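S.K.: Take this sequence and fold it.
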Amino acid sequence: PPPAAAAMEKSATKPTDAANATMAEPQPPFAPRLVGLGVNCTAPEHAVECVAVISQTLQEQLGPQVAAQLDVLCYCNKGGSWDADAKVWSVPQQSFGPKFVEQILAAGATIVGGCCTVHPPEIEVIAATLKAKRQQASQLAQQNVL
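M.R.: Numbers count the residues shown, from 1 in each chain. Presented below is the predicted three-dimensional model:
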């Protein structure tokens, strides 16, 4: 089964809208098919840098208009290592906190979830942090309208 994930809706244009873009906007041939790019099953200590590199590379290679239409995904594991003899994971006790999720978002992730050894308590933290960020963005948008 796919890893559990908490997704944050983007306020920017959805990736599927790339096919409907005007001819004035340069579109790479893969734009209607490519909806995102990301990192999966990497340790948290590498996730922020990986997401930042993906985000920056999309901006540089595709340009800001096209890159804004693509999601950047981060489904990291909880870290640790696999003990092949004992056939168990040696996993750090620390779990994802809101600060970690905010760092992933600041690096450019638009979809955040979990992979190996990430359990419901961590997914709840991810979901709560994403919900709080959406509420903050909504409040800022309302203030700017007034």
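
S.K.: and the helix or strand where Lys99 lies, average pLDDT?
M.R.: Element membership for Lys99 (DSSP states H and E) is helix 98-107. Across helix 98-107, pLDDT averages out at 93.

S.K.: Quick one: residues in contact with it.
M.R.: When contacts are defined by Cβ atoms under 8 Å, 6 or more residues apart in numbering, helix 98-107 is touched by residues 8, 44, 47-49, 51-52, 55, 74, 112, 125-126, 128-130, 132-133. All C-beta spots, glycine's among them, are computed from the backbone N, C-alpha and C.

S.K.: right, and the helix or strand after it?
M.R.: Next along the chain from helix 98-107, counting by DSSP H and E, comes strand 111-114.

S.K.: circling back: I only care about the contacts of helix 98-107 that end up buried; give me the PyMOL line for that.
M.R.: In PyMOL, a selection of the buried entries from the contacts of helix 98-107 looks like this (16 or more other Cβ atoms under 10 Å):
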select buried, resi 8+44+47+48+51+52+55+74+112+125+126+129+130+133
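
S.K.: Keep only those of the contacts of helix 98-107 that are in helices.
M.R.: 44, 47-49, 51-52, 55, 125-126, 128-130, 132-133 (DSSP state H).

S.K.: wait, which of these is closest to Trp89?
M.R.: Pro44 (14.1 Å; Cβ to Cβ).

S.K.: right, and that closest one touches Gly80 too?
M.R.: No: using Cβ atoms under 8 Å, Pro44 is not in contact with Gly80, being 10.1 Å away.

S.K.: what's the distance between the residue of the chain positioned farthest from its centre and Pro121?
M.R.: Distance from the centre of the chain peaks at Asp85, with 33.5 Å (Cα atoms, centre = their mean). Using Cβ to Cβ, to the nearest Å, Asp85 is found at 28 Å from Pro121.
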